[in-house]
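Chemist: task: produce atomic coordinates for the following.
(one chain, ligands or ions: 1)
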Amino acid sequence: MPSVLIVEDEPAIADTLIYALETENFAVTHVATGGEAWAHFESHAPDFVVLDIGLPDFTGFDVCRTIRQSSQVPILFLTARSSEIDQVLGLELGADDYVTKPFSPRAVVARVRAILRRGGSNSTATQHSDLLFHCCETMSIHCCNQPLDLTAYEYKILAILLEQPGRVFTREQLLIQAWDDPGSAMDRTIDAHIKSLRAKLRDVSNDAAETIQTRRGLGYALVL
Ligand code: CA
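Modeler: Next up is the predicted model:
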């Protein structure tokens, strides 16, 4: 069971991350300051660090530098502003990756898994397009860090597809899950919403629009 240290001072964000990681069988420890992070790191040597940048005492950058003096443990930054991303990418801090708030806890878990799978530290941050993020709390979906302006049905359909990337959903399955009264809608309704969803994604990014794939004769799948 890999151990993960979460360093995050916002309790709501920490709680969703703790829940998501523990559900996936990670052993999670949470601290809210840089000082505590360093103390825990020295005594417990976790397998992975999820590190917020804006902390009450030190910055996440300071914590990362200190950790890197003695360890190549994978570090995933949580960033709140684009200026922070520039710093992550520019300073060669030895972070393995970053995610931008607001993020979906599932996406963070997927990132943690991917970094652990590839064997941890790259020593430089990799650039991610962060194509699509679903924030359940605000019921919004972000494409390339921009919030999408979606109708209720577009939102529901995309959220369903995002929940299980790679899974093919039939039109009927999408209707049943997204509509309160599926009997009143038709398969073609789904096609129309998918068409407008793709158009909205294409306005932001062609790559994002191509994540929604048509499986002819079957339905739709989202492929990240
Ligand atoms: Ca913070």
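Chemist: find the nearest non-adjacent residue to D62, please.
Modeler: Using Cβ to Cβ, 6 or more residues apart in numbering and skipping the chain neighbours, the partner closest in space to D62 is G34 (6.1 Å). Backbone N, C-alpha and C define where each C-beta goes, glycine included.
Chemist: what separates the one you found from P74, distance-wise?
Modeler: Note on G34: its distance to P74, by Cβ to Cβ, to the nearest Å, is 18 Å.
Chemist: one step back: check contacts around the residue nearest to D62.
Modeler: V7, L55, D57, F58, T59, G60, D62, V63 (Cβ atoms under 8 Å, 6 or more residues apart in numbering).
Chemist: the most centrally placed residue in the chain sits in which helix or strand?
Modeler: Geometric centre of the chain, nearest residue: A107, 2.9 Å, by Cα atoms, centre = their mean. Element membership for A107 (DSSP states H and E) is helix 105-117.
Chemist: mean confidence for that helix?
Modeler: Average pLDDT, helix 105-117: 87.
Chemist: pairing partners for the helix or strand just after that helix, with directions?
Modeler: Once the chain leaves helix 105-117, the next helix or strand it forms, by DSSP H and E, is strand 132-135. Strand pairing for strand 132-135, determined by DSSP bridges: strand 140-143 (antiparallel).
Chemist: spell out which parts of the chain neighbour the ion.
Modeler: For the chain, the residues in contact with the ion (Cβ under 5 Å from the ion) are D9, D52, G54.
Chemist: if we go to 8 Å?
Modeler: E8, D9, E10, I13, D52, I53, G54, L55, P56, L78, A80 (Cβ under 8 Å from the ion).
Chemist: would you turn those residues into TSV with pLDDT, neighbour count and secondary structure?
Modeler: TSV is the format used below for these (pLDDT from 0 to 100; neighbours: other Cβ atoms under 10 Å; DSSP: H, G, I helix; E, B strand; the rest coil):
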residue	pLDDT	neighbour count	secondary structure
E8	97	23	coil
D9	97	15	coil
E10	95	14	coil
I13	94	20	helix
D52	95	25	strand
I53	92	24	coil
G54	93	15	strand
L55	95	22	coil
P56	96	9	coil
L78	91	24	strand
A80	84	15	coil
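Chemist: tell me where the protein is predicted with low confidence.
Modeler: 86-93, 119-130, 137 (pLDDT under 70).
Chemist: helices of that one, residue ranges please.
Modeler: Using DSSP state H, the helices of the chain run over residues 11-23, 34-44, 60-68, 82-90, 105-117, 152-163, 171-178, 187-204, 206-209.
Chemist: save those as TSV, and put in distance to M139 too.
Modeler: As requested, the helices of the chain are exported to TSV (distance: least, Cβ to Cβ, whole Å):
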stretch	distance to M139
helix 11-23	14
helix 34-44	32
helix 60-68	28
helix 82-90	23
helix 105-117	15
helix 152-163	7
helix 171-178	13
helix 187-204	15
helix 206-209	19
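Chemist: and of these, who's closest to D97?
Modeler: helix 105-117 (5.9 Å; Cβ to Cβ).
Chemist: helices or strands up against the closest one?
Modeler: Judged by 3 or more Cβ pairs under 8 Å, 6 or more residues apart in numbering; DSSP states H and E, helix 105-117 is in contact with helix 11-23, strand 48-52, strand 75-79, strand 97-100, strand 132-135.
Chemist: partners of the closest residue to the ion within the chain in the sheet?
Modeler: Nearest to the ion, among the residues of the chain, is G54, at 3.7 Å (Cβ to the ion). Note on G54: beta-bridge partners by DSSP bridges are T59.
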